[in-house]
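Chemist: No letters, just coordinates:
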């Protein structure tokens, strides 16, 4: 096929245009050093400064909070900044650390079960040392019991401790004096001593 000069030049221009359009696809590069995208400015994360300390914030809220705590966007003096390797944490980091600390302080299930077993053992030991039917008390020491007793029974409990005059008995029991004197004379359980005090008659 015979082509004219103009046709040959046209075909050359077409091939050059095709090669230029596909140059980016066919270009070779080192897999260990892939091409990096061009730098694009991002405001966060950014570093804040306070004296020689540094801290990282990740959004406007954290930045505003740190700035209100005397942090600054610029270092106070060049060459005097120490990198933050765990000193002052950002608010988000502090909140996360506090949550982790709270979870770690919670007792584990095994600890709770051991504590329950300890309490059960202590309770069983107390019941063994103080069974319910071993509790004893003196009737005269229990007001609820005294209120249910008759006057004679209350008088008996009173003079069982020590002899007393009828007047003292009447005052102690808040009872009529004539009634107390009558019981002291007529009831076989009582005896009137030579000094006038009332006592329980000795068992004979």
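Modeler: Noted; the coordinates are in hand. Owing to the predicted nature of the structure, the values given are computational and were not obtained by experimental measurement.
Chemist: Report the residue ranges of every domain in the chain.
Modeler: Domain assignment for the chain by automatic domain parsing gives 46-101, 141-200.
Chemist: So for residue 127, which of those domains sits nearest?
Modeler: Comparison of these against residue 127 by Cβ to Cβ identifies domain 141-200 as nearest, at 23.1 Å. Placement of C-beta: from N, CA and C, glycine included.
Chemist: chain center to that closest one, what's the gap?
Modeler: On the basis of Cα atoms, centre = their mean, to the nearest Å, domain 141-200 sits 59 Å off its chain's mean C-alpha point.
Chemist: Please, where are all the helices along this protein?
Modeler: For the chain, the helices defined by DSSP state H occupy 5-21, 23-26, 60-67, 91-105, 109-129, 143-147, 151-161, 166-173, 177-186.
Chemist: Could you export the ones you listed as CSV, including distance to residue 75, mean neighbour count and mean pLDDT?
Modeler: Formatted as CSV, those follow (distance: least, Cβ to Cβ, whole Å; neighbours: other Cβ atoms under 10 Å; pLDDT from 0 to 100):
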stretch, distance to residue 75, mean neighbour count, mean pLDDT
helix 5-21, 49, 10, 76
helix 23-26, 42, 7, 56
helix 60-67, 14, 15, 89
helix 91-105, 21, 11, 75
helix 109-129, 48, 10, 79
helix 143-147, 80, 10, 46
helix 151-161, 89, 17, 87
helix 166-173, 89, 17, 91
helix 177-186, 99, 15, 90
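Chemist: Spatially central residue for the protein, please.
Modeler: A centroid search over the chain (Cα atoms, centre = their mean) returns residue 106, at 7.8 Å, as the residue closest to the centre.
Chemist: Backbone dihedrals for that residue, please?
Modeler: Dihedral pair for residue 106: phi -70, psi 140, per degrees, to the nearest 10.
Chemist: Make JSON lines from the helices of the chain and add distance to residue 44 to it.
Modeler: Putting the helices of the chain into JSON lines (distance: least, Cβ to Cβ, whole Å) gives the following:
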{"stretch": "helix 5-21", "distance to residue 44": "39"}
{"stretch": "helix 23-26", "distance to residue 44": "32"}
{"stretch": "helix 60-67", "distance to residue 44": "8"}
{"stretch": "helix 91-105", "distance to residue 44": "12"}
{"stretch": "helix 109-129", "distance to residue 44": "41"}
{"stretch": "helix 143-147", "distance to residue 44": "76"}
{"stretch": "helix 151-161", "distance to residue 44": "87"}
{"stretch": "helix 166-173", "distance to residue 44": "87"}
{"stretch": "helix 177-186", "distance to residue 44": "96"}
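Chemist: Kindly state which of the ones you listed is positioned closest to residue 196.
Modeler: Closest to residue 196 of the helices of the chain, according to Cβ to Cβ: helix 166-173, at 7.5 Å.
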